[in-house]
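1. Sharing a model prediction with you, sequence too.
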Amino acid sequence: MPELKLYTVSDLRVWLMNNHPADGLCEQVIAPTRAWAIIHNPYVKDDDAIVAAIFENRELAAYTASFPDMLDGKRVWWASTLYCYPPFAGRGYGMIVVGRLMEAHEPDLTYDRWAAKETVEIFNHFGYQTTYTKRYHLTDKKIDTNSLKGKLAYSLQELNKCLHPWPKQLKANYTIQLVSTLDDESYAFMKAHKGNDLWLREQDMLNWILAYPFAKSGVNETACVFGADAKVYEYKIAKVYVENKLQGVYFLRQYDDTLSIIYLYYTEENRDEVFSSIVNQIIAIRPMSFVTENYSLLSFVKNRLYFPKMEREKVSLSLPDNQQRLTNFTLQLGDGDSFA
């Protein structure tokens, strides 16, 4: 007989303090590191529901999790993961756990971000509208070298790399500070230059993300999708000054051999200086891949650095139908919780 359970912040705290499974709550449901992060979220309350899980004959079948945020002065919830173990697929368990958390979060709104196809379908079923943005990946071409043709193509790519080595740093008409905490000056600049962004998170929420960065490393039948075996993002905040005035703020995020630029804000008159600082960061780090959602930055980088391949990724975002916003926005999201 399936059994549905709901776990609150208090449940997570008791479980962590006792250091043993409790009422089905274990690392298979949520990683201890992730649970500690949730407890320290600036907007949680002890009775907030965080995880919904279904057990069948005491075996975990499916679960989903969430965490609170503050947008436009209102507390909202991000649906941050959903997983059903293969032996239990097709029984509607994903629909049940998502619906239970949504019910628990009323009257607070629930949002879904960067979801898998199955999650988008569930949210659309509950009356949500899904909009999409594009994320651009500059990277090496993936070449299968099992055939002679593949080996020749790989050799040609390596030759092109030799012909297009990493250049010297661009001339700096700016100064840059790399910091680990979002200070008042940086956040004020971001607020003043947010343009047509869908929203801008609160300063304390951004610093929470910086303090507890996680990334999904992979899904298998024995690993917790919610971060038990996760690798961690590395963050730096770049503050770009031109003539001693702050003209740009962005987050550098490293994960394995990939460098991403997120939360990118700049003055239009000094755009090239800010973009040059990003190119110089790429040259200094020399990642295998570079990711951005800003098309102007993408063009700037492509014109100055050699990446043989560009991919476009369609990113989903679901909003409640009573909170529809204009869709002509530049979506500048992306943080350590993007493991849905």
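-> Arrived safely, thanks for sending.
2. how about the nearest residue to Asn270, chain neighbours excluded?
-> Gln247 (4.0 Å; CB to CB, 6 or more residues apart in numbering). Where you see a C-beta, it was placed from the backbone N, CA and C, and this is true even at glycine.
3. Ok, Lys74 next?
-> Closest to Lys74 by CB to CB, 6+ apart is Leu109, at 7.0 Å.
4. thinking that neighbour is in contact with Tyr128, fair?
-> No. If you go by CB atoms under 8 Å, Leu109 and Tyr128 don't touch, sitting 10.2 Å apart.
5. These two: who's more crowded?
-> Tyr128 (21 against 16; other CB atoms under 10 Å).
6. So what sits opposite that one in the bridge?
-> As for beta bridges, Tyr128 partners with Pro320 under DSSP bridges.
7. quick one: it and Pro320 touch, right?
-> Yes. The criterion here is CB under 8 Å, and Tyr128 meets it with Pro320 at 5.9 Å.
8. Quick one: mean pLDDT for the helix or strand that contains Ser155?
-> With elements taken from DSSP states H and E, the one containing Ser155 is helix 148-163. For helix 148-163, the mean pLDDT works out to 81.
9. And stretch 58-68, by the same measure?
-> Rounded mean pLDDT across stretch 58-68 is 90.
10. how far does that stretch sit from the chain's center?
-> Distance of stretch 58-68 from the chain centroid (CA atoms, centre = their mean, to the nearest Å) equals 19 Å.
11. before we move on, back to that, wait, what's in contact with the residue nearest to Lys74?
-> Lys74, Val76, Trp77, Pro320, Gln323 (CB atoms under 8 Å, 6 or more residues apart in numbering).
12. Number of residues surrounding Ser276?
-> Residues near Ser276, counting by other CB under 10 Å: 21.
13. mind checking the SS state of Ser296?
-> Classification of Ser296 by DSSP: H, G, I helix; E, B strand; the rest coil places it in helix.
14. Just the helices from the stretch 51-200 of the chain, written as ranges.
-> Under the criterion DSSP state H, counting those that start in this stretch, the stretch 51-200 of the chain carries helices at the ranges 93-104, 117-125, 148-163, 184-192.
15. For these, please prepare CSV with the additional fields mean neighbour count and distance to Gln28.
-> Compiled in CSV, these are given as follows (neighbours: other CB atoms under 10 Å; distance: least, CB to CB, whole Å):
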stretch, mean neighbour count, distance to Gln28
helix 93-104, 20, 14
helix 117-125, 17, 20
helix 148-163, 12, 40
helix 184-192, 15, 38
